[in-house]
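>>> when you get a sec, could you give me coordinates for this:
(chains A and B)
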2 protein chains.
Amino acid sequence: MDPLRPRCEHPVRAPEADRIVRSARTGPDGSVSLSRFRTWFAGRVRERKARVTRAPLDALSGWAADPETGDIGHASGGFFTVCGLDAHHPQGPTERWSQPIIEQPEIGILGILAKEFDGVLHLLMQAKTEPGNVDGAQLSPTVQATRSNYTGVHRGKAVPYLEYFLDPPAERIIADSLQSEQGSWFLRKHNRNMVVEAPDEPVPVLEDFCWLTPGQVYELLGEDDVVNMDARTVLSCLPLGAGGDPDRGARHSMTEVLSRITEARARTGMSAARLPLASVERWHRTDSGAIRHESGRFFSVIGVDVATSGREVRQWSQPMIEPCGPGLAALAVKDIGDTPHALLRLRAEPGFREGVELGPTLQCTPENYRDGVLSPPRFLDRVAAAEPGRIRFDAVQSEEGGRFYHARTRNVVLDAAVLDAPDDDPDYLWLSYPQISCLLDHSHYLNVQARSLVACLGTALLP
Amino acid sequence: MDPLRPRCEHPVRAPEADRIVRSARTGPDGSVSLSRFRTWFAGRVRERKARVTRAPLDALSGWAADPETGDIGHASGGFFTVCGLDAHHPQGPTERWSQPIIEQPEIGILGILAKEFDGVLHLLMQAKTEPGNVDGAQLSPTVQATRSNYTGVHRGKAVPYLEYFLDPPAERIIADSLQSEQGSWFLRKHNRNMVVEAPDEPVPVLEDFCWLTPGQVYELLGEDDVVNMDARTVLSCLPLGAGGDPDRGARHSMTEVLSRITEARARTGMSAARLPLASVERWHRTDSGAIRHESGRFFSVIGVDVATSGREVRQWSQPMIEPCGPGLAALAVKDIGDTPHALLRLRAEPGFREGVELGPTLQCTPENYRDGVLSPPRFLDRVAAAEPGRIRFDAVQSEEGGRFYHARTRNVVLDAAVLDAPDDDPDYLWLSYPQISCLLDHSHYLNVQARSLVACLGTALLP
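Coordinates of the predicted model:
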């Protein structure tokens, strides 16, 4: 019996979809060559250095712990709060735990401005320094602004190019959805991921900005710590998979995919409630004034003092999350019939608004399992031991440098043959690229680690 | 310039989609005639009476207020809790308020079993009595079960037909999504709305159950208090609008629709946090042991003792929400070109998981505005004064009778000519029926009042 009906079939206006795909396939050619870009970017990195010094959480200018709850907040009431979380995951490896988490209720804009030059779409990328980055400036979206940034809580400079994203005419919107961020570190946070085409008049290019084609950005994604997380998540929302019936050649129909996600959300029963930071158990202050889990696993909440020449504000202090080791995110791919598929995993994280989203095949911090106390996640051994010949993409990239300190993830795309990949495990789903693209029109289906890997795939999985 | 690409184009497998639409268009014919149904249903109503008596909240067997927070919960820890909510709506008519709200974190199943007889799809409907219903039994989905119902917290009978919904084969799933319920009365509640086709073998029809065609159910929707809220929301998810490009003839492209929803969610900044019920301001205990707003507006939290012969448990007590007056929900429709459109409103409600969903053109409790203190919502006067000739649908229906006591809403579909309908108000959106259907493949786009009206529309807006 055939599915009753597939959902979400993609575009009829193929010429428009084609234009985006064509621009994504240009490779290293653009109105600026990649070698000229590198010279420019190296200059930006030199110019926009940040000096970041660790400081005790109690000594951060502008920040204080609430005497009652222990929650660490900014005097302005803006930015974000480090509070506690009571997580309940009835089906999970740990049924109940508490932890520190970042709460930042406001929705920011991550926006990339696009414009056609000589028939090829270009993206206006920014060299932006964040305190958590290992090597200073990275390639960022045109606009990367929390509401505090542009409503003045930050008391900084105006956000350049913001006006293109505040009320764009409908016909210039290429992508616009709310997407989650790290569900283990952020409580229900999501940002607005936008790609907007600029109007026909010229767009001034400011000092830290540069037009690159999507193809050039894909090229740069192969290098360590160049394209930042915010740029990766916005890139993943480019509708490259558009242009046909997403069910064609796909392992599962979209009806089944949506139903499997619904089922996982209903079954998992993940719930999470805010808790006073002072009530979090097994997390303690260290001698250096940070907050750490008694086992040393997971992450620490640390304080930093920052001095930079490239940000809206030149000196500030803030809490950050520092993971206990680098992350590993791997996406297994294979052809089913003639259609390339990727293996996504239904994943519960306490900070997800819907409890469950699709993550990569494997997502973990290997350091957590080194002492053998916690059982390692499925496939960790196989991914770690994968031969180079099986690996199609391999780069280390940074997580959001505004909140996470030296949080780096090795992003790997590899042949599914490396795993004994499950075909009947209810937690895993094989999706074609058009189906992934279809899900990314909407909010909260793919987590930020999966979106990063989708960006890294570039056009590799396109039919 | 054309939109870059439309999203979510609908099915290629038109024969399957057609089958559902054809069944929906059958009108009052089915394997049981409507007159036979009425005789049967009247018998069920007689048989399944519930005796519901008001009782003080402090005297409900099995329920108690937490001495610290005042939250009212069940001794088992199951069912639901009446707690407090601190709502913050920076752009709203009231910027900040607190109120009682129901928290029920578990996800229930609202499932309708479908089966083809003589080439026409039938739905297995249930005559089910709920304590909040005005006239006893109403037509309900095949399965209407909270997790407590079927995992035993309720200590009641097994839920009949549940097995068809627990692990249905993908090819038998017609609809499966999580949909929100009343965002003013429920905190982040959503239920799984499912339509599943039964396998080929015969399905036994139990005493309180009856096969009806969608067309017959649409006929019954025109009568007051017959089809319950749970049935209406599941019916709204039937993919009737499937079968073509949802952008064809539509006022806005799907890209624009999704972007407008994203924008409203980002702009509104609605946030809501749980609060101890004891900390809610301006709500007080009444002499009869209920909780009421000092103005008498909005709703009360009351207690009831229930005795029934038709439910899984024969006697129980529980808190319920009793609104201060009947609700009014109106959907304005008109043709734009040759394509019928409905006017949806982007609406913030504190209990929505995403802050904003699409509601009807008008949704309110008129009683709240009778004393002239609060300004009435847009269109209330025009809808109230609409001439009968302008009204296409008009019936009073009950909200969820398991949680809401005598909560009835007048559901109205009327010609948009009655309003001076806005074409540029950012809070309103004209959607075609295929677009509405496309949104209902996913979760949390249409609120329960809008979904009720979509069910009431039946096939009226189909091209």
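>>> A:L187: what's it in contact with?
By Cβ atoms under 8 Å, 6 or more residues apart in numbering or on different chains, the residues touching A:L187 are A:C83, A:L85, A:I101, A:I102, A:E103, A:Q104, A:A272, A:R274, A:P350, A:G351. From N, CA and C alone the C-beta is placed, and that goes for glycine too.
>>> repeat the analysis, applying 6 Å as the threshold.
Listed by Cβ atoms under 6 Å, 6 or more residues apart in numbering or on different chains, the contact partners of A:L187 are A:I101, A:E103, A:G351.
>>> quick one, phi psi at A:F209?
The phi/psi pair for A:F209 (degrees, to the nearest 10) reads phi -120, psi 160.
>>> does it really touch A:A127, like I thought?
No: counting by Cβ atoms under 6 Å, A:F209 sits too far from A:A127 to count as a contact (7.7 Å).
>>> those two: which has the busier surroundings?
A:A127 (23 against 19; other Cβ atoms under 10 Å in any protein chain shown).
>>> give me the distance between A:E103 and chain B.
For A:E103, the distance to chain B equals 10 Å [Cβ to the nearest Cβ, to the nearest Å].
>>> cool, A:V418 as well?
27 Å.
>>> and for that residue, the neighbour number?
Neighbourhood size, A:V418 [other Cβ under 10 Å]: 21.
>>> for it, what are its contacts?
Contacts were defined as Cβ under 6 Å, 6+ apart; by that measure A:V418 touches A:R382, A:A386, A:R390.
>>> okay if I get the residues you listed as TSV plus pLDDT, secondary structure and neighbour count?
Shown next, in TSV, are those (pLDDT from 0 to 100; DSSP: H, G, I helix; E, B strand; the rest coil; neighbours: other Cβ atoms under 10 Å in any protein chain shown):
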residue	pLDDT	secondary structure	neighbour count
A:R382	96	helix	18
A:A386	96	coil	20
A:R390	96	helix	17
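>>> out of those, who's nearest chain B?
The closest of the contacts of A:V418 to chain B turns out to be A:R382 (Cβ to the nearest Cβ; 27.7 Å).
>>> surely the closest one touches A:A417?
No: using Cβ under 6 Å, A:R382 is not in contact with A:A417, being 10.1 Å away.
>>> can you tell me the SS state at A:L121?
Using DSSP: H, G, I helix; E, B strand; the rest coil, the structure places A:L121 in strand.
>>> so how far is chain B from it?
Counting by Cβ to the nearest Cβ, the gap from A:L121 to chain B is 10 Å.
>>> next up, identify which helix or strand the closest residue to A:S279 other than its chain neighbours is on.
Closest residue in space to A:S279, ignoring its immediate chain neighbours: A:G84 at 5.7 Å, by Cβ to Cβ, 6 or more residues apart in numbering or on different chains. Remark: A:G84 resides in strand A:81-88, with elements defined by DSSP states H and E.
>>> give me the helices and strands touching that strand, please.
strand A:96-103, strand A:271-275 (3 or more Cβ pairs under 6 Å, 6 or more residues apart in numbering or on different chains; DSSP states H and E).
>>> mind putting the ones you listed into CSV with mean pLDDT and mean neighbour count?
Output for the helices and strands packed on strand A:81-88, formatted as CSV (pLDDT from 0 to 100; neighbours: other Cβ atoms under 10 Å in any protein chain shown):
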stretch, mean pLDDT, mean neighbour count
strand A:96-103, 97, 21
strand A:271-275, 91, 19
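>>> JSON lines for these, including distance to B:H74?
Converted to JSON lines, the helices and strands packed on strand A:81-88 look like this (distance: least, Cβ to Cβ, whole Å):
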{"stretch": "strand A:96-103", "distance to B:H74": "20"}
{"stretch": "strand A:271-275", "distance to B:H74": "17"}
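>>> can you list the weak-confidence ranges in chain A?
By pLDDT under 70, the weakly predicted segments of chain A are A:1-16, A:151-157, A:242-244, A:310-313, A:421-422.
>>> now do the helices in it.
A:14-24, A:34-47, A:147-151, A:163-166, A:214-221, A:229-236, A:254-268, A:380-384, A:433-439, A:448-457 (DSSP state H).
>>> out of the ones you listed, which comes closest to chain B?
Short answer: helix A:254-268, nearest of the helices of chain A by Cβ to the nearest Cβ, at 3.8 Å.
>>> give me the contact list for the closest one.
Helix A:254-268 has contacts (Cβ under 6 Å, 6+ apart) with A:3, A:6-8, A:91, A:246-247, A:346, A:348, A:354-356, A:429, B:107, B:170, B:173, B:176-178, B:192.
>>> residues contacting A:W316?
Taking Cβ under 6 Å, 6+ apart, we find A:W316 in contact with A:V306.
>>> quick check: bridge partners of it?
A:V306 (DSSP bridges).
>>> ok, and for stretch A:394-409, which residues are buried?
Buried residues in stretch A:394-409, counted by 16 or more other Cβ atoms under 10 Å in any protein chain shown: A:394-405, A:407-409.
>>> near chain B, from those?
Among these, no residue lies close to chain B (Cβ under 6 Å from any Cβ of the partner chain).
>>> residues contacting the residue nearest to A:S279?
A:G84 is in contact with A:S98, A:L275, A:P276, A:L277, A:S279, A:V280, counting by Cβ under 6 Å, 6+ apart.
>>> and of those, the nearest to B:P319?
B:P319 lies nearest to A:L275 out of the contacts of A:G84, by Cβ to Cβ, at 25.6 Å.
>>> which stretches of the stretch 351-463 of chain A form strands?
Counting by DSSP state E, counting those that start in this stretch, the stretch 351-463 of chain A has strands at residues A:356-359, A:362-364, A:391-398, A:408-415, A:428-432.
>>> for the second one, packing partners?
Just to be clear, that refers to strand A:362-364. With contacts taken as 3+ Cβ pairs under 6 Å, 6+ apart, strand A:362-364 sits against strand A:327-336.
>>> again with the third one
When contacts are defined as 3+ Cβ pairs under 6 Å, 6+ apart, strand A:391-398 sits against strand A:408-415.
>>> tilt between the strand it packs on and helix A:229-236?
Orientation of strand A:408-415 against helix A:229-236 (axes from the mean of the first three to the mean of the last three Cα atoms, to 10 degrees) gives an angle of 30 degrees.
>>> show me what strand A:408-415 is packed against.
strand A:327-336, strand A:391-398, helix A:448-457.
>>> most tightly packed of these?
helix A:448-457 (a mean of 27; mean count of other Cβ atoms under 10 Å in any protein chain shown).
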